[in-house]
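Student: pasting a predicted model and its sequence here:
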Amino acid sequence: MSTTATNLNLPAYPTPSSQIHSPTYTAAPQAHEYRLAYNARLNPNRSPREFVKQAKNGGVTLRLGGQDDRVTFPVYGYGASVEGTLDIHKRDGITSVEVQIEGTLMMEELAESGTTNCKLFLNKTILWVKDRVYEAPCPRSLSFSLPLPTTFSDGVKSYPLPPSHEAHLSGLPGFRARINYSISVIAVKPNIIPHAVKSTLLGGGDWTISTPFVYLPRTRPSSPSPPPLVPGQWGIIETSQWKVFPTLIHANQGGHDIMVKLYLPASRTFCIHESIPFHIMFSSSAMSLAAFMPLGPVVIASLKPQHTKIQLLRQTTVDVRNALILGTRTDIWRVDYIGEGAFRHAGEGGAHWIAFSGDIYISPEIKVGGFRAGGFSIKDCIVLTMTPPDISKSPFKELRFTVPVQLATDPCPRDGSGIVGYTDQTSSPSISSSDEFGAPPELG
């Protein structure tokens with residue numbers, strides 16, 4: 001990028017009377033100077049950015065370090081500490097100052113099991129208490145550092161601390177679920193009139209600052225996407241970096257079934273900002289494969305109905321009671337398609353097999369991966385479907401085949417190095433091939 005400056009005069013430095021020497025430079029512009037350009041990387045000792053919030057009465061200001069000053073709310077990752085400073089501008093009458101961070105899980109089932117609130121954690125500390133002997137005033141500035149826990153317990157089981165998230169399902173039955181985190185600071189000011197109701201008119205009443213913050217534990221796949229598979233004489237040549245998931249498309253009226261092999265990277269953990277690669281091979285007798293092709297993947301984008309699809313699906317589940325009633329779960333869930341696959345022709349072997357490759361593109365609205373927090377859970381899977389336009393006349397039955405996957409917030413570095421600056425877990429857990437929608441994979 002280039003810029004053009006017109007009629008731009010640099011400020012003149014005063015000429016010394018005795019000797020010529022370099023002018024005195026300062027880190028910040030003086031009154032008669034201004035910046036033409038600024039490179040923040042050349043100033044490693046600059047003050048870190050802060051998130052700042054002030055009490056309504058202007059008496060207290062909360063500063064949270066290590067934050068982008070353009071964000072709406074502060075953001076913290078796995079195992080981070082909430083660090084900051086409390087500036088107190090009106091110190092008269094303050095007897096103590098405390099700060100706390102907390103996380104809450106709220107679940108509400110509409111027209112069903114009611115509402116439940118679960119405190120994920122509460123971490124508080126007293127920053128200052130007035131000494132009754134020396135009567136020293138409250139300090140003008142108080143620093144604090146409160147660590148975030150990495151797990152929580154619902155009283156039955158321990159779970160990784162879940163990310164900030166909100167979900168809802170409209171209608172009846174329906175649900176609302178929220179995972180919220182916040183930091184609060186309280187400057188205690190007793191009433192000047194004993195036993196009187198706290199009121200700013202009377203000069204009493206505590207000063208409180210509270211702000212939500214976003215908890216976003218960052219994860220990444222343990223390995224980058226493997227090299228693509230290639231077809232050979234007898235079909236796709238398999239490697240240990242790809243895992244095959246076989247299934248059948250059953251034929252009607254005594255025909256031959258179609259063998260389907262879906263190939264996914266063995267880790268089944270994918271970054272939400274990258275597409276998910278896949279390979280798929282269909283094989284059968286020449287007659288059955290020819291009958292199947294009108295129902296098979298469409299390579300070129302078309303307005304015609306696509307009978308074979310591969311998609312990324314997310315199920316959000318809420319269970320206020322989080323229990324079994326007469327052997328049956330009492331949960332409510334919603335299902336959303338959050339990624340769509342595109343096919344490419346990859347090869348074929350005579351009339352007996354044909355292969356495709358492609359990518360599943362994830363919606364940019366997805367910000368978090370799967371998790372489970374008591375009765376609130378999110379799980380993701382890849383779904384391969386084949387839906388004939390008319391089941392009664394189709395030579396093949398319908399197919400719906402699911403493979404659980406895990407989504408991560410960050411990509412794996414291509415050079416195999418670690419990710420600089422991460423203070424959290426960066427590898428995602430392995431997923432059992434038996435996990436289906438009845439048993440969501442859990443973060444570990």
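Tutor: Yep, that arrived.

Student: all the strands of the stretch 251-400 of the chain, residue numbers only.
Tutor: Taking DSSP state E, counting those that start in this stretch to define them, one finds strands in the stretch 251-400 of the chain at 258-265, 269-271, 276-283, 308-318, 324-325, 328-329, 332-349, 353-362, 371-373, 376-386, 399-408.

Student: again, but for the stretch 51-200 of the chain
Tutor: 60-65, 75-76, 81-88, 96-110, 114-129, 141-147, 151-153, 158-160, 165-169, 174-188.

Student: how many residues are close by residue 391?
Tutor: Residue 391: 11 surrounding residues under other C-beta atoms under 10 Å. Just so you know, the C-beta spots here come from the backbone N, C-alpha and C atoms, and that holds for glycine as well.

Student: tell me the contacts of the nearest residue to it once chain neighbours are set aside?
Tutor: Leaving aside its chain neighbours, residue 391 sits nearest to residue 398 (6.3 Å; criterion: C-beta to C-beta, 6 or more residues apart in numbering). Residues in contact with residue 398, defined by C-beta atoms under 8 Å, 6 or more residues apart in numbering, are 385-388, 391.

Student: ok, residue 72 next?
Tutor: With contacts defined as C-beta under 8 Å, 6+ apart, residue 72 has no neighbours.

Student: check it and give its pLDDT.
Tutor: For residue 72, the model assigns a pLDDT of 87.

Student: returning to what we had before: lowest average confidence across the strands of the stretch 251-400 of the chain, which one?
Tutor: strand 324-325 has the lowest average pLDDT among the strands of the stretch 251-400 of the chain, namely a mean of 48.

Student: re the thing from before, take the strands of the stretch 251-400 of the chain and lay them out in TSV including mean neighbour count.
Tutor: Shown next, in TSV, are those (neighbours: other C-beta atoms under 10 Å):
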stretch	mean neighbour count
strand 258-265	20
strand 269-271	23
strand 276-283	22
strand 308-318	20
strand 324-325	10
strand 328-329	11
strand 332-349	17
strand 353-362	20
strand 371-373	21
strand 376-386	22
strand 399-408	20
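
Student: residue 126 is nearest to which of these?
Tutor: Ranking those by proximity to residue 126 (C-beta to C-beta) places strand 371-373 first, at 29.4 Å.

Student: for the closest one, which helices and strands make contact with it?
Tutor: If contacts are counted by 3 or more C-beta pairs under 8 Å, 6 or more residues apart in numbering; DSSP states H and E, strand 371-373 sits against strand 158-160, strand 376-386.

Student: nearest to residue 231, of the contacts of residue 398?
Tutor: When the contacts of residue 398 are compared against residue 231 (criterion: C-beta to C-beta), the nearest one is residue 386, at 21.0 Å.

Student: on that earlier part again, distance to residue 221 added to the strands of the stretch 251-400 of the chain, as CSV?
Tutor: Listed next are the strands of the stretch 251-400 of the chain as CSV, based on distance: least, C-beta to C-beta, whole Å:
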stretch, distance to residue 221
strand 258-265, 8
strand 269-271, 4
strand 276-283, 11
strand 308-318, 15
strand 324-325, 34
strand 328-329, 31
strand 332-349, 16
strand 353-362, 14
strand 371-373, 17
strand 376-386, 14
strand 399-408, 6
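
Student: residue 102 is nearest to which of those?
Tutor: strand 371-373 (14.7 Å).

Student: the closest one pairs with which strands, parallel or anti?
Tutor: strand 376-386 (antiparallel) (DSSP bridges).

Student: check the offset of the strand it pairs with from the chain's centre.
Tutor: Relative to its chain's centre, strand 376-386 lies at 17 Å (C-alpha atoms, centre = their mean, to the nearest Å).

Student: cool, and stretch 277-294?
Tutor: On C-alpha atoms, centre = their mean, the centre of stretch 277-294 falls 37 Å from that of its chain.

Student: ok, now stretch 226-235?
Tutor: Distance, centroid of stretch 226-235 to centroid of chain: 34 Å (C-alpha atoms, centre = their mean).

Student: residues making contact with it?
Tutor: 236-239, 241-242, 261, 263, 265-266, 277, 279, 281, 283, 346-349, 353, 355, 357.

Student: in the protein, what secondary structure element scores lowest on mean pLDDT?
Tutor: strand 324-325 (a mean of 48; mean pLDDT, DSSP states H and E).

Student: just tell me which of the strands of the stretch 251-400 of the chain ends up closest to residue 143.
Tutor: Proximity to residue 143 (C-beta to C-beta) singles out strand 371-373 among the strands of the stretch 251-400 of the chain, at 31.4 Å.

Student: who's in contact with the closest one?
Tutor: 105, 120, 152, 154, 159-160, 162-163, 165, 179, 377-379, 440, 442-443.

Student: pLDDT below threshold where in the protein?
Tutor: Residues of the chain that meet the criterion pLDDT under 70 lie in 1-48, 69, 111-113, 191-205, 302-303, 322-330, 414-444.

Student: how about stretch 293-307: buried residues?
Tutor: 295-297, 306-307 (16 or more other C-beta atoms under 10 Å).

Student: just stretch 208-220 next, same as before
Tutor: 209, 213-220.

Student: still on that earlier bit, now distance to residue 56 too, for the helices and strands packed on strand 371-373, in a markdown table please.
Tutor: As requested, these are exported to a markdown table (distance: least, C-beta to C-beta, whole Å):
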| stretch | distance to residue 56 |
| --- | --- |
| strand 158-160 | 36 |
| strand 376-386 | 33 |
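
Student: now stretch 121-130 - C-alpha only, PDB.
Tutor: Output of stretch 121-130 as PDB, limited to C-alpha atoms (Å, rounded to 0.1, in the frame of the first residue of the first chain):
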ATOM      1  CA  PHE A 121     -17.100 -21.100  40.100                       C
ATOM      2  CA  LEU A 122     -16.700 -18.100  42.400                       C
ATOM      3  CA  ASN A 123     -13.300 -16.700  43.100                       C
ATOM      4  CA  LYS A 124     -13.100 -13.500  45.300                       C
ATOM      5  CA  THR A 125     -10.500 -11.700  47.200                       C
ATOM      6  CA  ILE A 126     -10.300  -8.600  49.500                       C
ATOM      7  CA  LEU A 127      -8.000  -6.000  48.100                       C
ATOM      8  CA  TRP A 128      -8.000  -3.600  51.100                       C
ATOM      9  CA  VAL A 129      -9.600  -3.200  54.500                       C
ATOM     10  CA  LYS A 130      -9.500   0.000  56.500                       C
END
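
Student: go through it and flag the buried ones.
Tutor: Of the residues in stretch 121-130, 127-128, 130 count as buried by neighbour count, 16+ other C-beta under 10 Å.

Student: distance of the closest residue to residue 243 other than its chain neighbours relative to residue 408?
Tutor: If the residues on either side of it in the chain are set aside, residue 243 comes closest to residue 266, at 4.5 Å by C-beta to C-beta, 6+ apart. Distance of residue 266 to residue 408, computed by C-beta to C-beta, to the nearest Å: 15 Å.

Student: is it correct that residue 63 is in contact with residue 52?
Tutor: Yes - shown here, residue 63 and residue 52 form a contact pair, counting by C-beta atoms under 8 Å, at 5.4 Å.
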